[in-house]
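[1] what's the 3D shape of this:
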Amino acid sequence: MTEPRYARRPEDFPALADLRQLTGLEYLKKLIAGEFPTMTIAGPLGFRVTHAEEGLVEMAGRPEAICANGFGQVHGGWYGTVLDSCMTCAVISALPRGRVQTTLEFKVNMLRALPIGTDITATGQIEHVGRSTGVARGEIRGSKDGRLYATGTATCFILGTAE
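    Now for the predicted structure:
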């Protein structure tokens, strides 16, 4: 698997005109292949997109000490960022050329504490993609033991063009 590229400045991202030429799934495949930079926040938070097919996206991650709360456990914001990312990428995977999305809302249920340094797999799967909204669900599981650490749902607003 190709190591992800992370955007460091706005000009590192692909031009919107180029994005308009791709389906959401084509975009995600290029991101996984390292042809496009991935979301900047994924670098310091220790996660990346590893698999995409229409309606389903998987991410791998490992929260390190930078992701800790005051008690030395993984901060709730880490769960939220990873789940928001994988659920919205699931919606992206089903978008036709010229369409983009943004998160309207998301909900996270943290089921147990995730120890720092635990390898995880986050999965996002679409429930519905229409003309103006997309809905997805997601989960975070331990990669080695399969334990369920968090679940979530997201609603995305689908925009007509990447402008």
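
[2] reduced to three states, what does the residue lying farthest from the centre of the chain come out as?
    The C-alpha centroid of the chain is most remote from residue 71, which lies 25.9 Å away (Cα atoms, centre = their mean). Classification of residue 71 by DSSP: H, G, I helix; E, B strand; the rest coil places it in coil.

[3] low-confidence bits of the protein, can you list those?
    Applying pLDDT under 70 to the chain flags the ranges 1, 161-163.

[4] which residues of it fall in helices?
    16-19, 24-32, 42-45, 76-92 (DSSP state H).

[5] could you export the second one as CSV, CA atoms only?
    What that stands for is helix 24-32. Taking Å, rounded to 0.1, in the frame of the first residue of the first chain, the C-alpha atoms of helix 24-32 are listed here in CSV:
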residue,chain,number,x,y,z
GLY,A,24,-16.2,10.2,-5.9
LEU,A,25,-14.9,6.6,-6.1
GLU,A,26,-12.2,7.6,-8.7
TYR,A,27,-11.1,10.4,-6.4
LEU,A,28,-10.8,8.1,-3.4
LYS,A,29,-8.8,5.5,-5.5
LYS,A,30,-6.4,8.3,-6.5
LEU,A,31,-6.1,9.4,-2.8
ILE,A,32,-5.3,5.8,-1.7
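
[6] mind giving me the packing neighbours of it?
    Counting contacts by 3 or more Cβ pairs under 8 Å, 6 or more residues apart in numbering; DSSP states H and E, the secondary-structure elements packed against helix 24-32 are strand 47-53, helix 76-92. Using the backbone N, CA and C atoms, a C-beta is placed for each residue, glycine as well.

[7] can you tell me which of these is most buried?
    Sort those by mean neighbour count, taking mean count of other Cβ atoms under 10 Å, and helix 76-92 sits at the top with a mean of 24.

[8] report all helices and strands that that helix contacts.
    Packed against helix 76-92 by the contact rule (3+ Cβ pairs under 8 Å, 6+ apart) you find helix 24-32, helix 42-45, strand 47-53, strand 56-61, strand 100-110, strand 120-129, strand 133-142, strand 148-159.

[9] relative to residue 86, which of the ones you listed is closest?
    Distance to residue 86, taken as Cβ to Cβ, is lowest for strand 120-129 among these, at 3.6 Å.
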